[in-house]
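> Sequence and predicted structure, then a few things I'm wondering about:
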Amino acid sequence: MNHRPLKIRADIRDKWISPKAEIHSTIASVKQMLGHEILPQVQWPFLYNTLKEQHADKGTFVPTISRVVEAFYERLSARLENEAKAEWTEQLLGELAKKSKWILEIEVRNTAYLKCRF
C-alpha cells in the first residue's frame, strides 16, 4: 500500500521538495565544488512503508531522511576539500565527466542505504 499519512506528505513538500528546504543548499554546495550535480532520489512510498515502524512519530520521518542525506553531502564535501584525497577527487571528477546525470538513490536494504548511480 502506497498511502502515506498527511504529515509525511506535507513534510516531503516542505522539507524536501521546497526550494527553501535545507537539503537544496547542501546539494548546491557540492555542485559548486564539483561542477556537477548529484541529485538525491527517494522512493517515498516504499521507504515509508519499510521504515514506518521505526518512526511512530511521523514528524521525525522526513527530517531523519533529510539529515542522513545532508550528512552524506557534508562528508562528500569534506572529502573533496581534503588535500590528502586529491587523487580520489580527480578520479571522481573523471567519472562525473562521463555522464550528464548523477543520482544519489536512497534505498532500504537491511537499513537505509545510499548509492550513487547514473
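That came through, no problem. Numbering: from 1, shown residues only.
> just the strands in this protein please.
For the chain, the strands defined by DSSP state E cover 38-42, 102-108, 112-117.
> what helices or strands is the second one leaning on?
Same thing as strand 102-108. strand 38-42, helix 44-51, helix 61-81, strand 112-117 (3 or more Cβ pairs under 8 Å, 6 or more residues apart in numbering; DSSP states H and E). For the C-beta atoms, the positions are set from N, CA and C on the backbone; glycine is no exception.
> I'd like the C-alpha coordinates of it written as PDB, please.
What follows is strand 102-108, C-alpha atoms only, in PDB (Å, rounded to 0.1, in the frame of the first residue of the first chain):
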ATOM      1  CA  TRP A 102      24.100  11.500 -11.400                       C
ATOM      2  CA  ILE A 103      21.600  10.300  -8.900                       C
ATOM      3  CA  LEU A 104      22.000   9.500  -5.200                       C
ATOM      4  CA  GLU A 105      19.500   6.800  -4.600                       C
ATOM      5  CA  ILE A 106      18.200   6.400  -1.000                       C
ATOM      6  CA  GLU A 107      17.000   2.800  -0.600                       C
ATOM      7  CA  VAL A 108      16.300   0.400   2.200                       C
END
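> Now do it and strand 38-42, the angle between them.
Per axes from the mean of the first three to the mean of the last three Cα atoms, to 10 degrees, the angle that strand 102-108 makes with strand 38-42 is 30 degrees.
> I'd like the distance between the residue nearest the centre of the chain and residue 22.
Geometric centre of the chain, nearest residue: residue 69, 3.6 Å, by Cα atoms, centre = their mean. Residue 69 is 10 Å from residue 22, where distance means Cβ to Cβ, to the nearest Å.
> Equivalent analysis for residue 71, please.
12 Å.
> quick one: furthest residue from the center of the chain?
Outermost residue of the chain (Cα atoms, centre = their mean): residue 84, 25.1 Å.
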